[in-house]
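> sharing a model that was predicted from the sequence below.
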Amino acid sequence: MALWRRHPGAVRALDGRDREAALDLCRRDPVGSVLAAVQAERLGEPGPPGTEMLGVFDHDPETPEALCWAGANLVPVQLRRGALLDEVVEHLRRRRRRCSSIVGPAEEVLPLWERLAPVWSPPREVRPDQPSLVIDADPAVDPDPQVRLASLDEVAHVVPASVAMFTEEVGYDPTAVGGAYAARVAELVAGGRTYVRTEDAEDGPEVIFKADVGALALGVAQVQGVWVHPEHRGRGLATAGMAAVVADVRARLAPTVSLYVNSYNAAALATYDRVGFRRVGTYATVLF
């Protein structure tokens, strides 16, 4: 038996044998942990180099007390106790920062960042209050009948809309650092997880509304990348568009639809309220 199994308190990378134990932890809060649950479902499959699902072991050396997905994002799960945080921070300090953000429930992200801040590079921004919203019923408004799944032959039109959304939301062009972002856009379209409304323009179809199902696990679909073309804002496209997204996602992918939004984005909060979303918690994001 490996040494770590005889010493609770250890942190180690999980593998396929730990899949069900990791998912059990995620099931305690399927909305808050959906980003990590996506990765927990893939335990045992080959993953990108340098990524790992960390398990933190305390009283029971066979069952993790907490998780932390360490990939492009750092995502804690049930990582609330100070002693467990310290174990994870020491592990992460040795591997150095490789993620572009820390994201998840605020009560886990913010204490983790407080401990990592002295040893990691300064962030571009900390967003400590991002309402976590869900809807698990029919939308409260009529869906936009023109919102539909994007097709593969529309990827070239979806990418500019996705880049515009990301640049507006995060502050830089994600395609400036390589082709991974465009590849992710194409992956979501191919998987039937990108919704658009288009209108004809001089140089072809133009996306005027877009939303993605960016994470899907444990009966929860997290919507990301909601965007309306600036020239079409104020027309109610986001409200009816999100109603269409909710209706199709609940019929086809998952019974619960979730998202998180910046607390200062009053227009978005009002839109989601009209659709029928309700607040269930708070996310936080540290952006690098």
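Alright, I've got the coordinates.
> in the helix or strand bottoming out on mean pLDDT in the chain, which of the residues would be classed as buried?
Of all helical and strand segments in the chain, the minimum by mean pLDDT, DSSP states H and E falls on helix 82-95, at a mean of 90. By neighbour count on 16 or more other CB atoms under 10 Å, the buried set for helix 82-95 is Leu84, Leu85, Glu87, Val88, Val89, His91, Leu92. Just so you know, the C-beta spots here come from the backbone N, C-alpha and C atoms, and that holds for glycine as well.
> can you check stretch 129-144 too?
Gln130, Pro131, Ser132, Leu133, Val134, Ile135, Asp136, Pro139, Val141, Pro143, Asp144.
> mind listing what the residue most central in space within the chain touches?
By CA atoms, centre = their mean, the mean C-alpha position of the chain lies nearest to Leu35, the distance being 4.9 Å. When contacts are counted by CB atoms under 8 Å, 6 or more residues apart in numbering, Leu35 touches Trp69, Asn73, Val75, Val103, Gly104, Ala215, Gln222.
> of all these, which two lie farthest apart?
Between any two of these, the greatest separation by CB to CB is 14.0 Å, found for Trp69 and Gln222.
> the two: which has the busier surroundings?
Ranked by neighbour count (other CB atoms under 10 Å), Trp69 and Gln222 place Trp69 first, with 26 against 23.
> partner residues bridging the more buried one?
For Trp69, the beta-bridge partners under DSSP bridges are Met53, Val75.
> what of Val257?
In beta-bridge terms (that is, DSSP bridges), Val257 pairs with Ile135, Ala221.
> surely it and Ile135 touch.
Yes - taking CB atoms under 8 Å as the definition, Val257 is a contact partner of Ile135 at 5.1 Å.
> mutual contacts of the two, please.
Joint contacts of Val257 and Ile135 (CB under 8 Å, 6+ apart) are Val246, Phe277.
> next up, phi/psi of Leu259, please.
Main-chain torsions, Leu259, degrees, to the nearest 10: phi -170, psi 170.
> now do the contacts for the closest residue to it other than its chain neighbours.
Excluding the flanking residues, the one nearest Leu259 by CB to CB, 6 or more residues apart in numbering is Val223, at 4.4 Å. The contact partners of Val223, by CB under 8 Å, 6+ apart, come to Ala211, Asp212, Val213, Gly214, Met242, Val245, Val249, Val257, Ser258, Leu259.
> which of these are buried?
Here, 16+ other CB under 10 Å leaves Ala211, Asp212, Val213, Gly214, Met242, Val245, Val249, Val257, Ser258, Leu259 buried among the contacts of Val223.
> from those residues, which is closest to Val126?
Leu259 (19.7 Å).
> what about the closest one, distance to Ala72?
According to CB to CB, to the nearest Å, Leu259 stands 19 Å off from Ala72.
> could you do Arg278 as well?
29 Å.
> of the two, which one has the most company?
More crowded of Arg278 and Ala72, by other CB under 10 Å: Ala72, with 15 against 12.
> surely the more buried one meets Ser100?
Yes - with contact defined as CB under 8 Å, Ala72 counts as touching Ser100 (5.8 Å).
> the stretch 101-250 of the chain: strands as residue ranges?
For the stretch 101-250 of the chain, the strands defined by DSSP state E, counting those that start in this stretch cover 101-105, 125-135, 148-149, 194-201, 204-217, 220-228.
> buried residues in the fourth one?
Applying a neighbour-count criterion of 16+ other CB under 10 Å, one finds Thr194, Tyr195, Val196, Arg197, Thr198 buried in strand 194-201.
> can you list the neighbours in contact with that strand?
144, 146-150, 154, 157-158, 161, 185, 188, 205-213, 237, 241, 244-245, 248.
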